[in-house]
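K.L.:
here is my input; please provide its structure:
(chains A and B)
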Amino acid sequence: MSEQIDQALARKYDAGFVSEIESDTFPIGLDESVIRRISAMKEEPEWMLQWRLQAFRSWQKMKEPDWAHLGYEKVDYQSISYYSAPKSMKDKPKSLDEVDPELLRTYEKLGIPLHEQEMLAGVAVDAVFDSVSVVTTFRAKLEEAGVIFCPISEAIQKYPELVKKYIGSVVPRSDNFFAALNSAVFTDGSFVYIPKGVRCPMELSTYFRINELNTGQFERTLIVAEEGSHVSYLEGCTAPQRDENQLHAAVVELVALDNAEIKYSTVQNWYPGDENGKGGIYNFVTKRGICETNAKISWTQVETGSAITWKYPSCILRGDNSVGEFYSVALTRGRQQADTGTKMIHLGKNTKSTIISKGISAGNSSNAYRGLVKMGPKADGARNFTECDSLLIGDRCAAHTFPYIESSNPSAIVEHEATTSKVSDDQLFLCQQRGLDTEKAVSMIVNGFCKEVFKELPMEFAVEAGKLLEISLEGSVG
Amino acid sequence: MSQWLAKVIDRASTVKDSLSPVRQTALATLSEQSWPTRRTEAWRYTSLHEVAELELQQPSANANAEAPVIAGLNSIDLVFVDAQPVTDIAKLTLPAGVSINALNDADSQASRVFNQAKPSHHLFGLVNDVLAQQGLVVDVAAGAQVEQPIRIVNFVTDGVESHHRVLVNVGDNAKVTVIEHGAGNGHSMNTAYAEYVLGKESKLEHYRFAMHGENAIHMGGSHFKMGESSRLNSTIVGYGSRLTRIDTDVIHAAEHAFAKMNCIYLLAPKEHFDLHTTIEHAKPNGTSEENARGIVGDKAKAVFNGRIHIHRDAQKTLAELNNRNLLLSRGGQINTKPELEIYADDVQCAHGATVAEIAEKELYYLQTRGIPRSQALVMLNFGFVQELVNQMPNKALSEWLQPLLRERFSAMETK
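P.N.:
You can find the predicted model right below:
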């Protein structure tokens, strides 16, 4: 069996190709002039530049956090480039036909044929390549419904009032080390605005890809759902296979006003590094949503990539009766390390939250759940249910659980459960008795383990996530 | 470093006895410590602000106090007041196989057990290492079956700072019951640490009662090093005080050990109780069960941190941890964090934590059966901790504890 494990662990990273596209890349290093240049390239208004500079000044005073259960060589922030754009972007494409065919082929390799998606899936895609949005499909149809879905750089120019009102309102620019860095140098990302009472006619989707060597990707996504609106947003990520570690520090802010609902799904498959832990993406992400009265935010994530994952999608349940959900599958193998979880901050009355986290560790990897459930003094009748289960495959991996529960309200109820186990011989035996080979049996058991999370994913993503897990686990149990 | 800690280090240099060599190591570690702030993970919910500038008197030789009596217990009592020995050990009739020596008695060979079970990362444990000159070394010979419980009472009096240490060595196949009974009155500060080294197939029944009075500051810990196939049954009862912090460590240093730990805390009106427990499974085939239950009323604050750490080689471990809390009042606060850190795959681990109040439908059910609401509340709330009290193997102790807890519970403000 150990041979099979080795084989599985040596599995190639399918999205590891490099695209030969000429690009404009800033020299490495970070100071105020780089930020001024980014801002100028994006033709941003003065207030945006000032906002970035203030973020940069607070970042300079901050220390990189070290409380997570992660061991990695600290990033040298002066040795990466903070902006990289495909050269052909200079004359921005007006429609899909004008996009560099090489770029389109890259997306095809990744399994997101834009044309096809436009026709079949009815999914609007905003694809971010290194630091800029390439194209946003399906725009006209969205405009009809009054939905704004565009690169954030464009939104800053076209809808400055909206951006100014909401940017930094959920994740303040000096919230944490990585969020401050992102606020200073973010290059692109998506902006979504759903007007009052509108149910977004299709699922919105973004694909992120880091292509250039020695670049960092700092995308910033802002989704505002006005009263009574509804939107489902999907996000996927890949990167080429490189020996150096690359940095990804994103910020996602969600604003769900009264009675609104936002569903945010992620399938993250950044390059995880090779079997010795060389290379791979450092993924330091701040994702947070704020719920007003009766609003609902639901985070679903499938994390299979990245050398380092530091990610805690959170909900601030400010309005009465608001609901927060977090469904997560995190799979680590090789030398991957993940420290991920969520924060549910209950402030309003009768707020509810559900946390379902499934961690699977294989190889020499380490997988940690870290979560906080906080019941404020005014959160009368608030309710939380948390379940985090870990599955260990192989005897060199590690699984950890660090849940924090803070309650200051006698009528709030918090429940937390966690278990750790391995794929048991009994389960395998039962499947084998019924004619399944070991591999199929393991894949079936693991899929069953993750079922509660997969069922929360939109259809296309659920299929993709299932496949990702299957490939990652090939032959990894004896 | 705080003003208080600087003085501790100053005073440590005057301590000279047979333990001096091991104390030196602790002093070196202590000197490198920085004073915990709210950003220090282990002190996240407990402020040491009050301790930082504490100025209390050193114990005087003629301190006197009445040790609390437990009816029907028939124990061997060793009483300390402000860590100063009151009982004359020489006059005691000890059961066969038991020998007890003063910590500072060179013949006690305290260094056999000293810091064998207590890890070096507990700040106040290090303070105790360098300052605790008084205490006991208890030896239970191999094979001795000691039925009479050994009770060590440490009474702290108003205005005094004291440090006390207990070291217990349980021989192979031996069986013994040890009770650490903390009591006191007034505003005092004490550190009290106990270490237990359990031999092969030995059995230890352990109790720790932290009842130093509502104005006391108490920092302490009980630490166990488990021998092969040894069994531990431990109950910790915390009343809370102005500030109480208890750290416990159970180290499965050999295979097939079994550890059961129950913790009960009842807190009011402004008490602060912080319990950190760690169970380390360093060897395979170990089993541990931990249940902590607490009721918090008025403006009290409870902190629970329960950690299970399973090392790479500790296959076939079974470990379970449960923390349940009832919050009765609006001003109270409960912070709990059950942690799992697992490096072996063939293990079964689970933990759970809840914070809630009694469900309205449970109350309704009892009321429909003719039980008045106020009584139903007491039944349900108190039943919640009574279950653990009933699990105490020593009946004299549970019968003594029950009315005390009930009285305390009735006095709690229930909204």
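K.L.:
hey, what's the closest residue to B:Val113 other than its chain neighbours bridged with?
P.N.:
Nearest residue to B:Val113 in three dimensions, chain neighbours excluded: B:Leu167, at 3.9 Å (C-beta to C-beta, 6 or more residues apart in numbering or on different chains). All C-beta spots, glycine's among them, are computed from the backbone N, C-alpha and C. In this structure, B:Leu167 bridges to B:Val137, B:Glu195 when assessed by DSSP bridges.
K.L.:
find the closest residue to chain B in the stretch 101-250 of chain A.
P.N.:
In the stretch 101-250 of chain A, the residue that lies nearest chain B is A:Asn176 (13.6 Å; C-beta to the nearest C-beta).
K.L.:
does A:Tyr82 really touch A:Leu181, like I thought?
P.N.:
No. Proximity of A:Tyr82 to A:Leu181 does not meet the contact threshold set by C-beta atoms under 8 Å, at 9.4 Å.
K.L.:
measure the residue of the stretch 101-250 of chain A closest to chain B to A:Gly324 for me?
P.N.:
According to C-beta to C-beta, to the nearest Å, A:Asn176 stands 20 Å off from A:Gly324.
K.L.:
how about the residues of the stretch 301-415 of chain B that lie near chain A?
P.N.:
Residues of the stretch 301-415 of chain B lying near chain A by C-beta under 8 Å from any C-beta of the partner chain: B:312, B:315, B:325, B:327-330, B:332-357, B:415.
K.L.:
next step: the residues you listed restricted to strands.
P.N.:
When DSSP state E defines the strands, the subset of these inside them is B:325, B:327, B:333-342, B:348-356.
K.L.:
for beta bridges, what are the partners of the spatially most central residue of chain A?
P.N.:
The centroid of chain A falls nearest to A:Thr266 when counting by C-alpha atoms, centre = their mean (5.1 Å). Residues in a beta bridge with A:Thr266, per DSSP bridges, are A:Glu235, A:Gln301.
K.L.:
does it touch A:Thr221 like I think?
P.N.:
No. Between A:Thr266 and A:Thr221 there is no contact under C-beta under 8 Å: 10.7 Å.
K.L.:
which neighbours do the two have in common?
P.N.:
A:Glu235 (C-beta atoms under 8 Å, 6 or more residues apart in numbering or on different chains).
K.L.:
tell me which other helices or strands the worst-scoring helix or strand of chain B on mean pLDDT touches.
P.N.:
Within chain B, no helix or strand scores below helix B:373-390, which has a mean of 87 by mean pLDDT, DSSP states H and E. If contacts are counted by 3 or more C-beta pairs under 8 Å, 6 or more residues apart in numbering or on different chains; DSSP states H and E, helix B:373-390 sits against strand B:258-267, strand B:287-296, strand B:318-327, helix B:360-368, helix B:395-411.
K.L.:
nearest to B:Ile152, of those?
P.N.:
Nearest to B:Ile152, of all the helices and strands packed on helix B:373-390, is helix B:395-411, at 14.1 Å by C-beta to C-beta.
K.L.:
so which bits of that closest one are buried?
P.N.:
By neighbour count with 16 or more other C-beta atoms under 10 Å in any protein chain shown, helix B:395-411 contains the buried residues B:397-398, B:400-402, B:404-406, B:408-409.
K.L.:
next one: stretch B:308-320
P.N.:
B:308-311, B:314-315, B:317, B:319-320.
K.L.:
which of those sits closest to chain A?
P.N.:
B:Gln315 (7.5 Å).
K.L.:
give the contact list for that closest one.
P.N.:
Contacts of B:Gln315 (C-beta under 8 Å, 6+ apart): A:395, B:284-285, B:344-347.
K.L.:
chain B contacts on chain A?
P.N.:
So far as C-beta under 8 Å from any C-beta goes, chain A lies against chain B at A:67, A:375, A:377, A:390, A:392-422.
K.L.:
mind running it again at 6 Å?
P.N.:
Where proximity means C-beta under 6 Å from any C-beta of the partner chain, the interface of chain A facing chain B comprises A:392, A:395, A:398-402, A:404-408, A:410-411, A:413-422.
K.L.:
give the buried subset of these as a PyMOL selection command.
P.N.:
In PyMOL syntax, the buried subset of the residues of chain A next to chain B is picked out as below (16+ other C-beta under 10 Å):
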select buried, chain A and resi 392+398+399+400+401+402+404+405+406+407+408+410+411+413+414+415+416+417+418+419+420+421+422
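K.L.:
list buried residues within the contacts of B:Gln315.
P.N.:
The buried subset of the contacts of B:Gln315 (16+ other C-beta under 10 Å) comprises B:284-285, B:344-345, B:347.
K.L.:
which one of those is nearest B:Val98?
P.N.:
For those, the nearest to B:Val98 is B:Asn285 (30.3 Å; C-beta to C-beta).
K.L.:
can you read off the pLDDT for that closest one?
P.N.:
Here the pLDDT value assigned to B:Asn285 is 96.
K.L.:
so it: helix, strand or coil?
P.N.:
Classification of B:Asn285 using DSSP: H, G, I helix; E, B strand; the rest coil returns coil.
K.L.:
distance of it relative to B:Ile310?
P.N.:
B:Asn285 is 12 Å from B:Ile310, by C-beta to C-beta.
K.L.:
residue most distant from the centroid, chain B?
P.N.:
B:Thr368 (40.8 Å).
K.L.:
now the strands for the stretch 101-250 of chain B?
P.N.:
B:134-140, B:150-156, B:161-170, B:175-184, B:189-198, B:203-211, B:217-226, B:231-238, B:243-252 (DSSP state E, counting those that start in this stretch).
K.L.:
can you give me the buried ones in the helix or strand hosting B:Ile100?
P.N.:
Using DSSP states H and E, B:Ile100 maps to strand B:98-102. Using 16+ other C-beta under 10 Å as the test for burial, strand B:98-102 gives B:98, B:100-102.
K.L.:
equivalent analysis for stretch B:206-222, please.
P.N.:
B:206-214, B:216-222.
K.L.:
now, the most widely separated pair of those?
P.N.:
Maximum pairwise distance in the buried residues of stretch B:206-222, criterion C-beta to C-beta, is 24.9 Å, between B:His206 and B:Glu214.
K.L.:
now the residue in the stretch 1-150 of chain A that chain B sits nearest to: phi and psi?
P.N.:
Closest residue of the stretch 1-150 of chain A to chain B, C-beta to the nearest C-beta: A:Trp67 (6.8 Å). The phi/psi pair for A:Trp67 (degrees, to the nearest 10) reads phi -80, psi -20.
K.L.:
for B:Ser188, see how far away it is.
P.N.:
From A:Trp67 to B:Ser188 the distance is 34 Å (C-beta to C-beta).
K.L.:
can you name the two of the buried residues of strand B:98-102 that sit furthest apart?
P.N.:
B:Val98 and B:Ala102 (14.8 Å).
K.L.:
just to revisit the earlier point, out of the buried residues of stretch B:206-222, the closest to A:Ser205 would be?
P.N.:
B:Gly221 (53.9 Å).
K.L.:
need the pLDDT of that closest one.
P.N.:
96.
K.L.:
quick one, what contacts residue 355?
P.N.:
By default, I'm working from chain A. A:326, A:342, A:386 (C-beta atoms under 6 Å, 6 or more residues apart in numbering or on different chains).
K.L.:
sorry, should have said chain B
P.N.:
A:407, A:414, B:325, B:334.
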